[in-house]
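Peer 1: The following comprises the amino acid sequence and a computationally predicted model.
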Amino acid sequence: MNDQRIKIFDTTLRDGEQAPGCSMTLREKLRLSKALSDLRVDIIEAGFPAASPGDFEAVKAIADENRGPTICGLARCNPEDIEKVHAAVKGADNHRIHVFVATSAIHREHKLKMAKEEIIKTAVGAIRHARELCDDVEFSPEDASRTELAYLAEVVSAAIEAGATTVNIPDTVGYTVPAEFDKLFRYLKKHVARIEEITLSVHCHNDLGMAVANSLAAVAAGARQVECTINGIGERAGNCSLEELVMAVRTRGDFFDLETGIDTTRLYPTSRMVANITGMQIPRNKAIVGENAFAHEAGIHQHGMMQHASTYEIMRPEDIGISKSNLVLGKHSGRHAFRERVSNLGFMLDEFEMNRAFQEFKKLADKKKDMYDGDIEAIILNVDSASSGPWTLKSMEVQSGTEQAARASVSLLNEESAECTVAATAEGPMEAAFKALGQATGIALVLRKFELHSATAGDDAQGEVTVMVDYNGKSWRGHGTSVDIVEAGTRACLEVINRILRRRERGLDEEAANSDINRASI
Ligand SMILES: CC(=O)SCCNC(=O)CCNC(=O)[C@H](O)C(C)(C)COP(=O)(O)OP(=O)(O)OC[C@H]1O[C@@H](n2cnc3c(N)ncnc32)[C@H](O)[C@@H]1OP(=O)(O)O
Ligand SMILES: CC(C)C(=O)C(=O)O
Ligand SMILES: [Mg+2]
């Protein structure tokens, strides 16, 4: 491997899983390990086999699938843990045993109650034992960043002498800062004999929000393996985020002059998978993979973006696996973006109509947080978006239970106030309601995505449902609100049906797809 290549050591399945609320089942771990292989990480730390029989089984199953990356397991410095790791990972062609022991004064005195010499002896014994079982052995002096520098160098030298092939320097409690970490790595490189014979690694936590910055400082000072997790999940505030680290190295290639082997187009789908499995939602403003990372609402930015994306984006969304940037219309948007959206929706307005529509749009945007294509269409067509027909929902009834198919009966009123009631059955109540709507209106939508947000708090909270549906090969997004989520979903679908029918009535291209639907799915 050339000296410019950084190995990506993914520990989502070990350190990531250690975070409260992030436990994964064996099936989930297997699914994720496949995604990590597709992402082309170099090493997967699959778990801590001594933690539980389930963790042992998961590490073994991942190793036995043997998909390409090196499979690693973590062990304390004792023979039982080490042998368990070996038994779990040995099925993989490339496998690694990772042993650790804390070295800082705080951990030595308060946790382990061991003297400095005892720690070195324990580490050396464990590394030698692991090397008898495996050629690839990593050693981590836990809490390295709070360890006395000279003593840390002594520990690292002893680890190399004992046979460690990778030495990892953890900032276990996210305490260090970039300039200090840079010094630490340069100190080790200067004072540890034979350090150039091993891979020097870094493992940072995010307690002060500097995990990525500290990892990059270590890389700039000579580390060639970075330990990180998808979405930065991990103990407390998390670990160094894999997607941020990888994209920083790639985007600032001019500065770092380094590379990783990651297929960056798999970053977004893998991030979604981790959020989905763990239930740890990604904040909207999260770097690289957050919903706003490639979204622009401000008119000046949108105007710049429409002429050249590089004005306000330093990465291409396609390189991360996101289909395209998102120009979100809102109260900060300007005429350029509005005109483009109107045209994408298939409308041709003269200057007078455009001015009227834009003024109406600004007035509505002042009152409404999210502006959707349905709102813009309603402004252009001069109708009230919430209640515009041709169909309105008069009432609905739903029956469902664990032992029976669900049944939904939907009563709609058309513009002449004639009533149409249709009932349908399906596995779930939502599906039954969609079926009934399709039969009543003649527009059968295919549901792709159903998102529920609580719009208000309390026992009578309003549920706001957003549906993404397909019709005639195009995608549409609709919204509905109610205290009953099935009713909210039905209203969301009816909104789309009404838009399709209104466009049809006015001879507009009903196939113009919603332009705000552009995210890649898993
Ligand atoms: C910074 C990190 O992320 S370190 C990794 C953290 N990960 C985990 O802890 C994985 C999940 N852990 C577990 O399932 C359990 O803690 C187990 C199975 C590993 C151990 O459980 P128990 O035997 O009940 O011990 P417990 O967790 O209460 O205490 C830790 C013990 O390990 C010892 N220990 C801690 N680190 C090390 C080490 N690196 N090498 C050897 N012993 C260690 C402690 O001194 C303590 O020993 P004691 O039982 O003799 O007092
Ligand atoms: C086990 C080590 C590498 C660790 O997770 C830490 O110190 O944070
Ligand atoms: Mg850690």
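Peer 2: Sure, I can see it. Ligands and ions are numbered 1, 2, ... in the order given.

Peer 1: did I read that right, Glu291 in a helix?
Peer 2: No - assessed with DSSP: H, G, I helix; E, B strand; the rest coil, Glu291 is coil; it does not lie in a helix.

Peer 1: Can you report phi and psi for the residue nearest to it when sequence neighbours are not counted?
Peer 2: With sequence-adjacent residues excluded and distances taken as Cβ to Cβ, 6 or more residues apart in numbering, Glu291 is closest to Arg284, at 4.6 Å. Using the backbone N, CA and C atoms, a C-beta is placed for each residue, glycine as well. With angles defined as degrees, to the nearest 10, Arg284 sits at phi -60, psi -40.

Peer 1: Arg284 contacts Phe294, doesn't it?
Peer 2: No - the criterion here is Cβ atoms under 8 Å, and Arg284 misses it with Phe294 at 11.7 Å.

Peer 1: wait, what's in contact with the residue nearest to Ala309 when sequence neighbours are not counted?
Peer 2: Spatial nearest neighbour of Ala309, excluding adjacent residues (Cβ to Cβ, 6+ apart): Ser325 at 6.3 Å. Applying Cβ atoms under 8 Å, 6 or more residues apart in numbering to Ser325 gives the contacts Phe294, Ala295, His296, Met305, Ala309, Glu313, Pro317.

Peer 1: ok, which pair from those residues is furthest apart?
Peer 2: Based on Cβ to Cβ, the longest span within the contacts of Ser325 runs between Ala295 and Ala309 and measures 12.6 Å.

Peer 1: still on that earlier bit, neighbour count: Arg284 and Phe294, which is higher?
Peer 2: Counted by other Cβ atoms under 10 Å, Arg284 and Phe294 do not tie: Phe294 has more neighbours, with 26 against 10.

Peer 1: And the next helix or strand past the helix or strand where Asn168 lies?
Peer 2: Using DSSP states H and E, Asn168 sits in strand 166-171. As assigned by DSSP H and E, the chain's next helix or strand after strand 166-171 is helix 178-191.

Peer 1: tilt between that next one and strand 166-171?
Peer 2: 150 degrees (axes from the mean of the first three to the mean of the last three Cα atoms, to 10 degrees).

Peer 1: Which is the succeeding secondary structure element to helix 178-191?
Peer 2: Helix 178-191 is succeeded, C-terminally, by strand 199-204 (DSSP H and E).

Peer 1: Show me what that following strand is packed against.
Peer 2: strand 7-10, strand 166-171, helix 178-191, helix 211-220, strand 225-228 (3 or more Cβ pairs under 8 Å, 6 or more residues apart in numbering; DSSP states H and E).

Peer 1: deepest of those, which one?
Peer 2: Comparing those by mean neighbour count (mean count of other Cβ atoms under 10 Å), strand 225-228 ranks first with a mean of 27.

Peer 1: Using the three-state scheme, assign Ala287.
Peer 2: coil.

Peer 1: what does Ala164 give?
Peer 2: coil.

Peer 1: For it, grab the count of nearby residues.
Peer 2: Neighbours around Ala164, by other Cβ under 10 Å: 27.

Peer 1: Name the nearest residue to the most centrally placed residue in the chain, sequence neighbours excluded.
Peer 2: Nearest to the geometric centre of the chain sits Ser271, at 2.8 Å (Cα atoms, centre = their mean). Nearest residue to Ser271 in three dimensions, chain neighbours excluded: Val289, at 4.1 Å (Cβ to Cβ, 6+ apart).

Peer 1: Distance check, that neighbour against ligand 2.
Peer 2: Per Cβ to the nearest ligand atom, to the nearest Å, Val289 is found 23 Å from ligand 2.

Peer 1: Pretty sure that residue sits against Gln281.
Peer 2: No - look at Val289 against Gln281 with Cβ under 8 Å: they stay out of range, at 11.4 Å.

Peer 1: Kindly report the residues of the stretch 51-200 of the chain close to ligand 2.
Peer 2: Counting by Cβ under 6 Å from any ligand atom, the stretch 51-200 of the chain comes close to ligand 2 at Leu74, Phe100, Ser140, Glu142, Asn168, Pro170, Thr172.

Peer 1: what's the fifth one in contact with, if anything?
Peer 2: What it means is Asn168. His98, Glu138, Phe139, Ser140, Ser201, Val202, His203, Gln225, Glu227 are the contacts of Asn168 under Cβ under 8 Å, 6+ apart.

Peer 1: Report the beta-bridge partners for it.
Peer 2: Following DSSP bridges, Asn168 is listed with bridge partners Ser201.

Peer 1: Now do the helix ranked longest in the chain: distance to the chain's middle.
Peer 2: Selection of the longest helix in the chain by residue count, based on DSSP state H, yields helix 485-505. Here helix 485-505 is found 30 Å from its chain centre; the criterion is Cα atoms, centre = their mean, to the nearest Å.

Peer 1: so can I have JSON lines of the residues of the stretch 51-200 of the chain next to ligand 2 showing pLDDT?
Peer 2: Putting these into JSON lines (pLDDT from 0 to 100) gives the following:
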{"residue": "Leu74", "pLDDT": "98"}
{"residue": "Phe100", "pLDDT": "98"}
{"residue": "Ser140", "pLDDT": "99"}
{"residue": "Glu142", "pLDDT": "98"}
{"residue": "Asn168", "pLDDT": "98"}
{"residue": "Pro170", "pLDDT": "98"}
{"residue": "Thr172", "pLDDT": "98"}
